[in-house]
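> below is the sequence, then the predicted model.
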Amino acid sequence: MLKNTPDRAPRVINVDKNPAYPPAVEELKADGALPDQCQLRQCKYLNNVVEQDHRFIKRRVNPGLGFFSFRTARRTILGYETMSIIRKGQVVGVGKGDIQGQVRFVEGLFGVAA
């Protein structure tokens, strides 16, 4: 895990009311991955942006009956996120609506055409 530097450390973390978050944040603080002054805010509505971002992953994972190992989940979700970043136009030189550019980019990375 990368350590947060003071200029990159979050000031506030907004999450929903899942009871697993407070112990996890405390563990990250104890390990030094989060600064002690980082505040955890549990509010149903403050976390909407994050919740909206991963709903697409949920839509893909649920029909597949989930994952059977952490390694499989990590690799699959990284692939989903990578393709999402490309589709959203967050790659330099590949626009959001430039389908041909996206296909060329993927083909250049992996040597396969979509």
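It's in.

> which helix in the chain runs the most residues?
In the chain, taking DSSP state H as the definition, the longest helix is helix 70-87.

> mind listing the strands for this structure?
For the chain, the strands defined by DSSP state E occupy 12-15, 39-42.

> which stretch among those strands is buried most, on average?
Highest mean neighbour count among these (mean count of other CB atoms under 10 Å): strand 12-15, with a mean of 16. Just so you know, the C-beta spots here come from the backbone N, C-alpha and C atoms, and that holds for glycine as well.

> bridged to Gln39, which residues?
Val12 (DSSP bridges).

> mind pulling up the pLDDT for Val91?
With respect to pLDDT, Val91 has a value of 84.

> domain assignment for the protein?
With domains defined by automatic domain parsing, the chain comprises 12-42, 48-110.

> list the buried ones in the shortest one?
In this case it means domain 12-42. Buried positions in domain 12-42, judged by neighbour count with 16 or more other CB atoms under 10 Å: Ile13, Asn14, Val15, Tyr21, Val25, Leu28, Leu34, Cys38, Leu40, Gln42.

> redo these as JSON lines? Include distance to Arg59 and pLDDT.
What follows is these, written out as JSON lines (distance: CB to CB, whole Å; pLDDT from 0 to 100):
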{"residue": "Ile13", "distance to Arg59": "25", "pLDDT": "89"}
{"residue": "Asn14", "distance to Arg59": "22", "pLDDT": "85"}
{"residue": "Val15", "distance to Arg59": "21", "pLDDT": "85"}
{"residue": "Tyr21", "distance to Arg59": "23", "pLDDT": "92"}
{"residue": "Val25", "distance to Arg59": "27", "pLDDT": "94"}
{"residue": "Leu28", "distance to Arg59": "28", "pLDDT": "92"}
{"residue": "Leu34", "distance to Arg59": "30", "pLDDT": "91"}
{"residue": "Cys38", "distance to Arg59": "31", "pLDDT": "93"}
{"residue": "Leu40", "distance to Arg59": "27", "pLDDT": "93"}
{"residue": "Gln42", "distance to Arg59": "25", "pLDDT": "89"}
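
> all set, thanks.
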